[in-house]
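Q: Turn this into a model:
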Amino acid sequence: MKRCLNWWDLTWFGFGSVIGASIFVLTGQEAHFHAGPTIILSYVASGLSAMLSVFCYTEFAIEIPVAGGSFAYLKVELGDFAAFITAGNILLESIIGSVAVARAWTSYFASLLNRPSNSLRILTNLKEGYNLLDPIADAVLAIASSIAMASTRKTSLLNWIASAVNTVVILFVIIAGFAHAETANLKPFLPFDAKGVFQAAAIVYFAYEGFDSIATMAEKTKNPPRDIPLGLLGSMSIITVIYCLMALSLSMMQKYTDIDPDAAYSVAFQSVGMKWAKYLVAVGALKGMTTVLLVGALSQARYTAHIARAHMIPPWFALVHPKTGTPINTTLLITICSAFIALFSSLDVLASLLSFTE
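A: Here you go, the predicted structure:
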């Protein structure tokens, strides 16, 4: 694979792979039901936990700078059997995770158009849970994969632009939230005791997932011992600060009992007279999900290519295109599987499958 990335590219890959719709969904849900204003502490606890994992990934990525990520590390440390189990889990989670994001993309796009979440799907007579066909999700997956196959460098540039736009939206949410903040909404600060803080932390950790995709870029990085630590640690440190500020702005805009668990930021802005802001929140969520799919297409293909190198799937999938330097065969494999599942499966079905992989 052609080495064309530096620490700056990896930092933005971190942003693109981690900051998705989860921050807009999980914050309100956990603040309302489990943590209250201490949702900020939940994000701190989850961020520290994620950072410990980042340290592990950093060390392994420097010692074993290949595209296989956790699969490659386990193969070296624990042998083929552990690596085989990990390979199956990675393939399943990669496909189902992408599908879930693509289906959610359609729902958010419908809300941006002021329409019901399922209005853009096709109703059929198939079994419930598989009867709402989603061609838009398939199109989004195909576009993201096509961009990823074309060029890693161009994908990095596009991810940088999209992540920059998403960052502007997040900064607006933070600044506008603090402009309408009331300290009285932070009382009581610990309504659910310490148990609620850590219960919420276990859920909001999902908002940090995706950082492992940076480790799969080791073979595309010019100087892995320097660039990977800077990219991983830099992006995760900034993301943790952003998450805490977003959680604090929401908690100060509305009392935790009034926070809407389904559309927290949209409803909070409506409550302070900024009804139009819900469209900006939807755009931010869409941008986040798009970059998650884009970076996911890159990292999943590299995971799968390394699994093919170990002959745990046919070696044909390990081939790298001589011009683009990307593993096109694996990208096509994952895209076809993801598109088939995305066409039929509901978000409830996908959520249960994701829970199984976890």
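Q: Which positions within stretch 212-230 qualify as buried?
A: Across stretch 212-230, burial judged by 16 or more other Cβ atoms under 10 Å covers 212-221, 224, 227-230. Backbone N, C-alpha and C define where each C-beta goes, glycine included.
Q: oh sorry, the question was meant for stretch 147-154
A: For stretch 147-154, the neighbour count (16+ other Cβ under 10 Å) marks 147-149, 151-152 as buried.
Q: if you average pLDDT over it, what comes out?
A: Stretch 147-154 carries an average pLDDT of 74.
Q: Over to stretch 86-106?
A: Stretch 86-106 comes out at a mean pLDDT of 80.
Q: do stretch 6-16 as well
A: For stretch 6-16, the mean pLDDT works out to 77.
Q: Check the offset of it from the chain's centre.
A: Counting by Cα atoms, centre = their mean, to the nearest Å, stretch 6-16 is centred 14 Å from the centre of its parent chain.
Q: What lies in contact with it?
A: Contact partners of stretch 6-16, identified using Cβ atoms under 8 Å, 6 or more residues apart in numbering, comprise 5, 156, 159-160, 162-163, 166-167, 211, 213-214, 217, 221-223, 226-228, 230-232, 234-236, 238-239, 291-292, 294-295, 298.
Q: among those, which are in helices?
A: With DSSP state H as the criterion, helices contain 156, 159-160, 162-163, 166-167, 213-214, 226-228, 230-232, 234-236, 238-239, 291-292, 294-295, 298 from among the contacts of stretch 6-16.
Q: quick revisit: can you tell me which of the buried residues of stretch 212-230 is closest to Ala35?
A: If you rank the buried residues of stretch 212-230 by distance to Ala35 using Cβ to Cβ, Asp212 comes first, at 25.8 Å.
Q: Now do the closest one, the pLDDT please.
A: For Asp212, the predicted pLDDT is 74.
Q: for the stretch 101-250 of the chain, which spans come out with low pLDDT?
A: Across the stretch 101-250 of the chain, nothing is flagged by pLDDT under 70.
Q: could you pull out the helices for it?
A: Ranges of helices in the stretch 101-250 of the chain, per DSSP state H, counting those that start in this stretch, are 135-150, 152-179, 193-204, 212-215, 224-253.
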